[in-house]
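S.K.: what would the 3D arrangement of this be:
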Amino acid sequence: MTKGRKTTFDKQVEIIQYCIAHDHDYSETAVKYTVSYQQARSYTLKYEVGGLDALQDNCGKRKPEDKLTEVERLRA
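M.R.: I've put the predicted structure just below:
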C-alpha cells in the first residue's frame, strides 16, 4: 500500500471495472493496482450506490451561490 498518492478519476473507474468484472475480489484488485483493500472496496461501493458522480472529490470546493441557504450566504 502506498501512502499519500492521489488516484486519478480515470484510474478509479478502471479499478472499479476490474473489481466488478472479477466478482468483487477486492484483494486481487488491491494487489493489481497497488491500492489498499479498503480503497478498492470504497471506490466500488461508492460507484454502486451513487454512480460516477459519487467518485468526484468535492473537498475544498464551494457550493454554487444558488445552492446556499440564507445563513450560508450571510456568513460568506
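S.K.: and the residue nearest to His24 when sequence neighbours are not counted, what does it touch?
M.R.: Of all residues not flanking His24 in the chain, Thr44 sits nearest, at 6.6 Å (Cβ to Cβ, 6 or more residues apart in numbering). From N, CA and C alone the C-beta is placed, and that goes for glycine too. Contacts for Thr44 (Cβ atoms under 8 Å, 6 or more residues apart in numbering) come out as Ile15, Ile16, Cys19, Ile20, His24, Tyr26.
S.K.: Thr7 and Glu14: what is the separation?
M.R.: Using Cβ to Cβ, to the nearest Å, Thr7 is found at 10 Å from Glu14.
S.K.: for Leu55, same thing?
M.R.: Distance from Leu55 to Glu14, counting by Cβ to Cβ: 12 Å.
S.K.: what of Tyr33?
M.R.: The gap separating Tyr33 from Glu14 is 8 Å, by Cβ to Cβ.
S.K.: what packs against the host helix or strand of Val31?
M.R.: Element membership of Val31 [criterion: DSSP states H and E] is helix 26-33. With contacts taken as 3 or more Cβ pairs under 8 Å, 6 or more residues apart in numbering; DSSP states H and E, helix 26-33 sits against helix 9-21, helix 37-50.
S.K.: what's next to the shortest one, contact-wise?
M.R.: Contact partners of helix 9-21, identified using Cβ under 8 Å, 6+ apart, comprise 7, 25-26, 29, 32-33, 35, 40, 43-44, 47, 52, 55-56.
S.K.: at 6 Å instead, please
M.R.: Thr29, Tyr33, Ala40, Tyr43, Thr44, Tyr47, Leu55 (Cβ atoms under 6 Å, 6 or more residues apart in numbering).
S.K.: could you check the angle helix 26-33 makes with that helix?
M.R.: Angle of helix 9-21 versus helix 26-33, following axes from the mean of the first three to the mean of the last three Cα atoms, to 10 degrees, is 140 degrees.
S.K.: now do helix 9-21 against helix 37-50: the angle between them, please.
M.R.: In terms of direction (the same axes, to 10 degrees), helix 9-21 departs from helix 37-50 by 90 degrees.
S.K.: next, count neighbours for Tyr26.
M.R.: Using other Cβ atoms under 10 Å, Tyr26 is surrounded by 21 other residues.
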